[in-house]
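Student: fold the following, please.
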Amino acid sequence: MIVVKNNNVNKSASKVRLVCDLIRNKKVEDAIRILRFNDKKEIAIILTKLLNSGLQVASESNKYDLDKLVVGEISVDEGPTAKRIQPRAQGRAFRVRKRTSYVKMALKEA
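Tutor: All right, here's what the predicted structure looks like:
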């Protein structure tokens with residue numbers, strides 16, 4: 001089992017989970033095809049890079065058959081939230097929460 005992770009995704013975890021649910025338990029080539037034509041482009045690009053990183057690790061180790069690899073487990077957790085201030089009318093200030101997330105993907109052989 002190959003585990004790759006990205007701890008610097010500048011999207012909220014709930015938005016990333018929607019895309020991750022589409023590729024869970026799919027073959028790697030099917031997952032790449034799904035991500036290629038997904039509407040949420042920024043998240044799809046991040047997940048494609050993570051998937052390609054896992055494939056690179058698998059090809060270097062020579063223990064795995066790349067045609068049989070499956071996205072086994074993919075989990076998204078909330079990362080730290082950056083808090084910013086948005087000025088509003090009459091001297092008020094609203095808080096803006098810039099959320100981040102951690103993505104962990106495990107590739108396994110079918």
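Student: wait, isn't residue 76 in contact with residue 19?
Tutor: No: here residue 76 lies out of contact with residue 19, judged by C-beta atoms under 8 Å, at a distance of 9.2 Å. In short, each C-beta sits where N, CA and C put it, glycine included.
Student: which residue packs closest to residue 94, ignoring adjacent ones?
Tutor: residue 86 (4.6 Å; C-beta to C-beta, 6 or more residues apart in numbering).
Student: can I assume that neighbour sits in a strand?
Tutor: Yes: Residue 86 sits within a strand when classified using DSSP: H, G, I helix; E, B strand; the rest coil.
Student: quick one: residues contacting it.
Tutor: 93-96 (C-beta atoms under 8 Å, 6 or more residues apart in numbering).
Student: distance check, it against residue 11.
Tutor: From residue 86 across to residue 11, the span is 19 Å (C-beta to C-beta, to the nearest Å).
Student: what's the answer for residue 42, then?
Tutor: 7 Å.
Student: tell me which of those two has more neighbours.
Tutor: Shown here are residue 42 and residue 11; by other C-beta atoms under 10 Å, residue 11 has more neighbours (19 against 13).
Student: restricted to strands, list the contacts of residue 86.
Tutor: Of those, the ones assigned to strands by DSSP state E are 93-96.
Student: reformat these as a markdown table; add distance to residue 62 and neighbour count.
Tutor: Shown next, in a markdown table, are those (distance: C-beta to C-beta, whole Å; neighbours: other C-beta atoms under 10 Å):
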| residue | distance to residue 62 | neighbour count |
| --- | --- | --- |
| 93 | 57 | 10 |
| 94 | 54 | 9 |
| 95 | 51 | 8 |
| 96 | 48 | 10 |
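Student: out of the residues you listed, which comes closest to residue 82?
Tutor: Checking those against residue 82 with C-beta to C-beta, the nearest one is residue 96 at 8.7 Å.
Student: I'd say residue 93 and residue 84 touch.
Tutor: No: using C-beta under 8 Å, residue 93 is not in contact with residue 84, being 9.9 Å away.
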